[in-house]
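[1] kindly return the folded structure for what I paste below:
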Amino acid sequence: FLSFSRGAFVGLVALFMALLFIERRNKAILATGLALLVAGAILAPAAYWDRIGSMVEVGNSMTDDTSILSRLYTMKVALILGLKNPVFGIGLENFLFYVNRFIPFGNVVHNSLLQVLAEIGVIALGLVVAMIVYNYRIIMSLARRKDDGEAAQMGRILFIQQTAVIANSMFLPVGFDMVFLFAL
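    Numbering: from 1, shown residues only. Below you'll find the predicted structure:
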């Protein structure tokens, strides 16, 4: 939140939405979460909201923000490379080598799933998505346990954590991939 990262903002929104969903009956947690969000919104400098607002400008095709545009272009290149090399991809850590063939600037993919698709193919992407689904199944069964309140609480916490990590991994660079895979 304090980094001025648009991806972190989306992650924070995902985290709060997961918190609302999972803890909708716990009024104390909801009140605390809302109070922290309101305090953060009030204390954040205007420049922060200008930066977050730039995401809306991209949706309206009204931006010249090179940071956003370069990320969109690299995501597009990752998709193209993944579709052109669907079985095995282009090889681990080869994206920076190939991206220069499509766009004049080398940048990492700021999307974990597209990076997996481009570098190691559709089968690997399917396995990662299966891991995500499997983890959510385990987490939700844990969260629903009526016989063990502590296990249920851990399931709810893991649901919120997993949702935030997945949301962040759609916007943050390669360094975050290890956190994403570790969380899985």
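
[2] so, low pLDDT: which residues of the chain?
    Residues of the chain meeting the criterion pLDDT under 70: 1-3, 56-65, 173-177.

[3] how about a cut-off of 50?
    Across the chain, the ranges flagged by pLDDT under 50 are 1.

[4] what residue of it is the furthest out?
    Asp147 (32.7 Å; CA atoms, centre = their mean).

[5] any idea which helix or strand carries that one?
    If you go by DSSP states H and E, Asp147 is not part of any helix or strand.

[6] can you give me the offset of the lengthiest helix in the chain from its chain's centre?
    For the chain, the helix reaching the highest residue count under DSSP state H is reported as helix 112-143. Put simply, helix 112-143 sits 13 Å off its chain's centre (CA atoms, centre = their mean, to the nearest Å).

[7] could I have the CA atoms of the next helix or strand after that helix written out in CSV?
    Heading C-terminal from helix 112-143, the first helix or strand you meet, by DSSP H and E, is helix 149-169. Taking C-alpha atoms only, helix 149-169 is exported to CSV below (Å, rounded to 0.1, in the frame of the first residue of the first chain):
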residue,chain,number,x,y,z
GLY,A,149,-12.4,-23.9,15.7
GLU,A,150,-8.6,-23.4,15.5
ALA,A,151,-8.4,-25.4,12.3
ALA,A,152,-11.4,-23.4,10.9
GLN,A,153,-9.7,-20.1,11.8
MET,A,154,-6.5,-21.3,10.1
GLY,A,155,-8.5,-22.2,7.0
ARG,A,156,-10.0,-18.7,6.9
ILE,A,157,-6.6,-17.0,7.3
LEU,A,158,-5.1,-19.2,4.5
PHE,A,159,-8.0,-18.3,2.2
ILE,A,160,-7.3,-14.6,2.7
GLN,A,161,-3.5,-15.1,2.3
GLN,A,162,-3.9,-17.3,-0.8
THR,A,163,-6.3,-14.8,-2.5
ALA,A,164,-4.0,-11.9,-1.8
VAL,A,165,-0.9,-13.7,-3.1
ILE,A,166,-2.6,-14.8,-6.3
ALA,A,167,-4.0,-11.3,-6.9
ASN,A,168,-0.5,-9.8,-6.4
SER,A,169,1.1,-12.4,-8.6
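
[8] now do the contacts for Ile52.
    For Ile52, the contact set (CB atoms under 8 Å, 6 or more residues apart in numbering) comprises 6, 9. Using the backbone N, CA and C atoms, a C-beta is placed for each residue, glycine as well.
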